[in-house]
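Undergrad: what's the 3D shape of this:
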Amino acid sequence: MPADSETPSSPDLTPPGLAPPDLRVRVSQGEAWAQWGDRSFRCAIGRGAIARKKHEGDGITPVGRWPIRRVLYRADRVAAPETSFDCAAIGADDGWCDDPADPAYNRPVRLPYAASHERMTRDDGLYDVVVVLGHNDDPVVPGAGSAIFLHVAREDYGPTEGCVALALPDLLEVLRTAAAGSAVKVLAPRET
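TA: Numbers count the residues shown, from 1 in each chain. The predicted structure is shown next:
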């Protein structure tokens with residue numbers, strides 16, 4: 001699948017009366033690609049590739065359809081994304097619990113926090129824009145994976161810890177045109 005970063009897109013990818021599009025993620029010829037309407041974007045996936053079974057710390061990007069819940073962003077680095085989803089600035093004391101034994105597992109926490117957690121104010125820019133996805137959140141199952149986000153990719157599209165990552169301009173385009181009901185749909189290697 002070729003990248004199509006130069007083709008202008010229409011302002012609204014969802015015709016009236018139709019469901020909003022999903023960002024469809026798959027691996028093709030050894031590279032990860034995301035399909036958004038008629039656009040294709042290179043993306044990054046987990047170091048453990050794509051699989052149906054997800055366990056905490058395995059680096060797998062889980063197969064499934066994960067609804068967009070809300071958007072977080074670093075106000076000290078980027079402007080608030082144009083989106084129809086709830087959007088909030090990430091604070092210096094924001095974290096995300098990744099300890100399966102903790103009651104706040106796969107939930108946002110305030111730092112400092114005693115249990116294992118991710119700091120949301122990363123120095124590398126990967127969390128400058130973070131889309132919180134509905135993976136393992138309703139209900140939360142301890143050990144079934146935490147902090148599965150759609151976020152900014154490394155320049156070389158290096159692997160994530162299980163998230164899906166896009167170049168910042170591509171991520172902002174998806175957020176601008178996504179609507180209630182949009183999701184990230186990770187396809188199993190043999191699905192189309």
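
Undergrad: what about Asp170, which helix or strand?
TA: helix 168-177 (DSSP states H and E).

Undergrad: model confidence over that helix, on average?
TA: For helix 168-177, mean pLDDT rounds to 98.

Undergrad: also stretch 46-56?
TA: Here the average pLDDT along stretch 46-56 is 96.

Undergrad: may I see the buried residues of that stretch?
TA: Gly46, Gly48, Ile50, Ala51, Lys54, Glu56 (16 or more other Cβ atoms under 10 Å). C-beta here means a position set from N, CA and C on the backbone, and glycine is covered the same way.

Undergrad: Lys185: which of those residues is nearest?
TA: Set against Lys185, the nearest of the buried residues of stretch 46-56 by Cβ to Cβ is Ile50 (11.4 Å).

Undergrad: make sure the closest one is actually in contact with Arg190.
TA: No. At 10.5 Å, Ile50 and Arg190 do not qualify as touching, with contact defined as Cβ atoms under 8 Å.

Undergrad: returning to what we had before: and the next element down the chain from the helix holding Asp170?
TA: Next element after helix 168-177 (DSSP H and E): strand 183-186.

Undergrad: so which elements touch that next one?
TA: Contacts defined by 3 or more Cβ pairs under 8 Å, 6 or more residues apart in numbering; DSSP states H and E place strand 183-186 against strand 23-28, strand 64-73, strand 129-133.

Undergrad: that one pairs with which strands?
TA: strand 23-28 (parallel), strand 64-73 (antiparallel) (DSSP bridges).

Undergrad: Pro139: which of those strands is closest?
TA: Per Cβ to Cβ, nearest to Pro139 of those: strand 64-73, 14.5 Å.

Undergrad: flag every buried residue along whatever helix or strand comes next after the closest one.
TA: Of the helices and strands lying after strand 64-73 in sequence (DSSP H and E), the nearest is strand 87-89. By neighbour count with 16+ other Cβ under 10 Å, strand 87-89 contains the buried residues Cys87.

Undergrad: so how far is the very next helix or strand once past strand 87-89 from its chain's centroid?
TA: With elements assigned by DSSP H and E, the helix or strand that comes after strand 87-89 is strand 94-97. Centre-to-centre, strand 94-97 and its host chain are 16 Å apart (Cα atoms, centre = their mean, to the nearest Å).
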